[in-house]
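Novice: Sequence and predicted model, in that order:
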Amino acid sequence: MQRRIADAEIAAERLGLLLLTARSAERADTLTLHLPGAPAPSVGQPAVPDEATATLRRDLQALRTLVLRAGSGDTGTALAHVRNRLLGYRDEENLPPAPAAVQDVFRGIGEAARSVLGLRIALDGPQDESDDTPATARSREELDAEDAAIDSAEEPSEEEEKGLRRPTTRAAVQVAVGSALAIVGGELLSTQRWYWAVLTCWIVFLNTSSTGEILVKGYRRLLGTVFGVVAGIVLAGLVGQHTVTAFALVLVLIFAMFYVAPLSYTLMSFFVTAMLGLLYTLLHTYSLDVLLLRVEETALGAACGVVAAALVLPVRTDRRTNELLGTVLERLADVTEAAVGQLSGGPADELLDKARDLDQALADLRAATQPLTHPVTPLRARRHTARYVVALLETCAYHARTLAATAELLPTHPSIAADPRLRGAAGRTVRNIETIAARVEDEHAAARVETGPSIASLLGSDAGTPRYGRITDRVLRHLERLDEAVVGLARPLGVPVAEPRA
C-alpha cells in the first residue's frame, strides 16, 4: 500500500509539473523545476485548439473520478471504460492532435491512471480483466512485474561455512549444553516436572541466531508464563467445579494461543499457561505449587539457554547485525548500479534476482535487530539508532527497487529511451554506499561520504531529446531521495562526511 501511494504521489506531482509547463510562456521541464530555488514558470494562455482543451479538461475530471473510486469496490463498466481510455494515452498513437507540451500532459494523465490502477489493485485485490484493452493489460503486466521484483521471497545463495562456524552445528552444540544444564537444574527443582525447563531451553533457540535474540525470546516466554500463572489462578478460582465451563474456556484459550502465535510470542505463552491452569482443574490436579513451579522451571530453562548461548561459541548481536548490514549495503549497491546502468543504455542485467537478494538481506537485518529495538532494552540511544538505520535502509531499498522496475520496462516502452547522463549523475550515490559498507566492515577505513549538488544539478538543465527527458522525469525523484537517504546513513553509522566542493 505504501509503495502504491508513493507511486501515485510522484505521478500526480509529475502531472502537475507538465500542466504548468503546458500553460507557461516558456518551456520549463521537470529537471529545471527540481533544481534548488527554481522559480515557478510564468503562467500564460498559449494557443491551444479548443477541442484539445475540452478533451484535456474532460480527462482530468475523469482521472479525479478514478482516484475517488479507488478502494470503493466499484467495478462498473463505465468506470472500466474511463480507465481504459486514460491508460490508452500511454501509447503514442492514442494521443490527440495538440502541441508537444499538451501531449506531454496527456502522457502524464496516462501515467497517473496507471498509478491509480496499481492503488486500486492494492486496495481491492484481483480485478475483473474482461473489459481490458491492450493498453490496460500491459499496465497490469507492468504492475505485476514490479510486485514480483519487490515481494518475491526467493532465498539468496550463501557460501557454506564449515565446522563449528556453521550455524546449525553451533546451535546444536549450544542446545546440547543448555539442555544438560536444564536437566540438572530442573531435576533439583522437581523430579517430576524437570522437562519444563528443558522444553523452554529448546524453544528459546528456535529461529534465533544471536545471543541477544535468545535473551529476548527467553524474556518474552518468562513474562508470558508469569502473567499466565496469575490468569490461571484467577480462572481456576472463578470456575471452581463447573466442568463444562472449564472445558469451554480451555477450548477458547487453545484457539487464542494459536491465533496470536504469529503476532506475539509473549501472548502465546500467556494463553498456554492459563490453559494449563484450567486443564489441571478439569483433571482435579490443580495446585498453586504446580503453577509456581512452572514459573521457576521456565525461568531456569530460559537462563540455561542464555548462558549456553553466551558462553559456548557465542554470536554477539553486534557482530551479527554488522554482518547483515554489510550484506544489505552490498545488495543495495548492486541493485542501484545495475538499474542505473540499464537506464543509461547499458546491457540488460538480472535486476529481478538482485532485487530479491536485497529484500531477503533487509528482512534478515530487520529480524536480527529485534534485541536492539526491544522496548525493554536499557540502551535507549542504541535502540533509536537501530530503528533509524533500518528505516533509512527500507527507504533506500524502496527507491532502488523502483529504479530496477523502471529499468526492466525500458526495453519494451516505445516512447522513451535510456538517458546516458544518468550513470555519471548516480555514480556518487553508488560510491557512497560502497564507502559506508567498507566502514561497517572495517571501522578504521578512512574514506568519506561525498556530498554536493543535487542529482538534478548534476544532470544539467538541458533535457536533451524528449525521449531522454521522459525517462529522466520518471526516475529523477527516486535518484534524489536515494542519494539523500544514503548520505543520511553516514551520521548514525559514524562515517565521516566530506564537505561539498566549492
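Specialist: Arrived safely, thanks for sending.
Novice: the helices in the stretch 301-450 of the chain, which residues?
Specialist: 317-343, 351-368, 370-373, 380-409, 421-441 (DSSP state H, counting those that start in this stretch).
Novice: can the ones you listed go into a markdown table with extra columns for mean pLDDT and distance to Met257?
Specialist: (Glycine included, C-beta is placed from N, CA and C.) Below are those laid out as a markdown table (pLDDT from 0 to 100; distance: least, CB to CB, whole Å):
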| stretch | mean pLDDT | distance to Met257 |
| --- | --- | --- |
| helix 317-343 | 87 | 29 |
| helix 351-368 | 86 | 23 |
| helix 370-373 | 75 | 22 |
| helix 380-409 | 85 | 29 |
| helix 421-441 | 87 | 40 |
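Novice: Between those, which one is closest to Gly301.
Specialist: helix 370-373 (18.8 Å; CB to CB).
Novice: Summarise which helices and strands the closest one is packed against.
Specialist: helix 211-239, helix 317-343, helix 380-409 (3 or more CB pairs under 8 Å, 6 or more residues apart in numbering; DSSP states H and E).
Novice: Tabulate the ones you listed in a markdown table, adding columns for mean neighbour count and distance to His81.
Specialist: A markdown table is the format used below for the helices and strands packed on helix 370-373 (neighbours: other CB atoms under 10 Å; distance: least, CB to CB, whole Å):
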| stretch | mean neighbour count | distance to His81 |
| --- | --- | --- |
| helix 211-239 | 21 | 54 |
| helix 317-343 | 22 | 34 |
| helix 380-409 | 20 | 25 |
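Novice: how about those in a markdown table, adding distance to Ser269?
Specialist: Compiled in a markdown table, the helices and strands packed on helix 370-373 are given as follows (distance: least, CB to CB, whole Å):
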| stretch | distance to Ser269 |
| --- | --- |
| helix 211-239 | 3 |
| helix 317-343 | 22 |
| helix 380-409 | 23 |
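Novice: For Ile5, which of those is the nearest?
Specialist: helix 380-409 (11.4 Å).
Novice: now the closest one against helix 317-343, angle please.
Specialist: On the basis of axes from the mean of the first three to the mean of the last three CA atoms, to 10 degrees, helix 380-409 is oriented at 20 degrees to helix 317-343.
Novice: centre of the chain versus helix 380-409, how much separation?
Specialist: Helix 380-409 has its C-alpha centroid displaced from the chain centroid by 7 Å (CA atoms, centre = their mean, to the nearest Å).
Novice: elements contacting that helix?
Specialist: So helix 380-409, by 3+ CB pairs under 8 Å, 6+ apart, packs with helix 2-23, helix 134-151, helix 317-343, helix 351-368, helix 370-373, helix 466-490.
Novice: so that helix versus helix 134-151, what angle?
Specialist: Here the directions of helix 380-409 and helix 134-151 differ by 140 degrees (the same axes, to 10 degrees).
Novice: thinking again about what came up before, export the helices and strands packed on helix 380-409 as JSON lines, with columns for distance to Ala445.
Specialist: Converted to JSON lines, those look like this (distance: least, CB to CB, whole Å):
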{"stretch": "helix 2-23", "distance to Ala445": "33"}
{"stretch": "helix 134-151", "distance to Ala445": "31"}
{"stretch": "helix 317-343", "distance to Ala445": "12"}
{"stretch": "helix 351-368", "distance to Ala445": "20"}
{"stretch": "helix 370-373", "distance to Ala445": "23"}
{"stretch": "helix 466-490", "distance to Ala445": "12"}
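Novice: I appreciate the help and will end here.
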